[in-house]
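Asks: Okay, predicted coordinates and the sequence, questions at the end:
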Amino acid sequence: MKVTHITWQQITRRITAMKCANHGKRVYGVPRGGTIIAGLMGNVVDDPKNADIIVDDILDSGTTYKRWKARFPKKKFIVAFNRNEFPQNAWIEFPWEVEETQYELDDQAKRLAIMLDADYETALSKINLLIKQINNENKS
C-alpha cells in the first residue's frame, strides 16, 4: 500500500482557505485529527453544541461525517481533505500521526486496564497484539 504524506504546508493552505470561508465562526474539532484542524483554525469551542461548524481532518469512508451529521444535523460539517483527492489505494498520513512510543503504549495500557478493570499486563498484551495486526494489514 502506498503512503501519501500530507505536509504542514498543505495543511496550512487548507486551513487558510477554511478560515477565510468561515471567518468568525465557532469551531469544534472531531477528535482526534479534527481537533488539530480546529485548533489551527482558531475560535475553538469545547462542546459541539456551542459550535457553528464541526471540522475533521479528512472525509474518508463517510462514517464519521454521517455519525456527526446524525447528532447535529443543523451544524455545518467541513473537512480539510477529501479521500477522493488521493490515489485509491493510498494510505493518507498526517504529520501528527507518528508511531507510538512504548511509553505511550504503556500509558494507554494502564488507562485501558483501569477502564476495563483488568490487569496492566493483559491490557498491554492486547494493545501490542492489535498494533501488530494493524501493521500487518497496512503492509498488505
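Replies: On my side now, so go ahead. Numbers count the residues shown, from 1 in each chain.

Asks: From now on I want contacts and neighbour counts done on CA atoms only, so please keep to that.
Replies: Will do.

Asks: wait, Pro95 sits on Thr7?
Replies: Yes - between Pro95 and Thr7 there is a contact under Cα atoms under 8 Å: 6.5 Å.

Asks: and the strand or helix carrying Ile15, what other elements does it pack with?
Replies: Ile15 belongs to helix 8-21 when assigned by DSSP states H and E. Helices and strands touching helix 8-21, by 3 or more Cα pairs under 8 Å, 6 or more residues apart in numbering; DSSP states H and E, are helix 33-41, strand 76-82.

Asks: Need the contact partners of the next helix or strand after the first one.
Replies: What it means is helix 33-41. On the C-terminal side of helix 33-41, the closest following helix or strand by DSSP H and E is strand 53-59. Strand 53-59 is contacted by residues 25-31, 33-38, 48, 65, 75-83 when judged by Cα atoms under 8 Å, 6 or more residues apart in numbering.

Asks: make it 7 Å
Replies: 25-30, 33-34, 37-38, 48, 75-83 (Cα atoms under 7 Å, 6 or more residues apart in numbering).
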